[in-house]
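> Have a look at this prediction, sequence included:
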Amino acid sequence: MKPSVSNFQAKLDTPFALVGIRTEGDALAEIVYLPRNAGSLAPANALAERACVQIDKYAADPGYRFKLPLKQVGTAFQRRVWDQIAAIPCGETRTYGDIARLLKSAPRAVGQACGTNYFPLVIPCHRVVAAGGLGGFAHASGGYLLEVKRRLLHHEIRAD
């Protein structure tokens, strides 16, 4: 279950979405795409500030590589999927099936792991698409989240 819009240490307005940042101690605990009407929130701590600065750098340069301490989350399978996603170069995409073949798994299982990604942008799950189109995003098949995915892909492809 995703946290409510009040549980964040920062909410950053970017060209592609309002980005919620949640920290726990000295680690980034979660990044969430929020509806624009959730409103921005200045960083409440140094790590949230660091995350905001790096997200701004990505907004200016989609090839920017994040350097943030991430909380250890997810199952072993999810982490294997996220490792594959993190290896997708900026401006490129892979299908759920491509990743499933690499992991000897099923596309649906890969899609579930993508949707559960706690660190979108840092682990760029927007680069994973369906064989016949855009696919879902953050367990959504429509609405503002798919628009965020379109904007992120456009941002990266346009930069090449």
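It's in.
> low-confidence ranges in the chain?
1-6, 158-160 (pLDDT under 70).
> which stretches of the chain form helices?
46-60, 76-86, 96-103, 107-115, 144-159 (DSSP state H).
> Highest mean neighbour count out of the ones you listed?
Compared across these, helix 107-115 shows the largest average neighbour count, a mean of 20 (mean count of other Cβ atoms under 10 Å). Glycine gets a C-beta too; all of them are placed from N, C-alpha and C.
> Can you check what angle separates that one from helix 76-86?
Counting by axes from the mean of the first three to the mean of the last three Cα atoms, to 10 degrees, helix 107-115 lies at 80 degrees to helix 76-86.
> What is the neighbour count of Pro124?
Look at Pro124: counted by other Cβ atoms under 10 Å, it has 25 neighbours.
> Pull the contacting residues for it.
Shown in contact with Pro124 (Cβ atoms under 8 Å, 6 or more residues apart in numbering): Ile85, Ala86, Ile88, Cys90, Leu152.
> Quick one: end-to-end length of stretch 54-71, please.
In stretch 54-71, first residue to last residue: 17 Å (Cα to Cα, to the nearest Å).
> residues making contact with that stretch?
Stretch 54-71 is contacted by residues 12, 14-16, 19, 21, 24, 26-30, 47, 50-51, 90-91, 118-119, 121-122, 155-156, 159 when judged by Cβ under 8 Å, 6+ apart.
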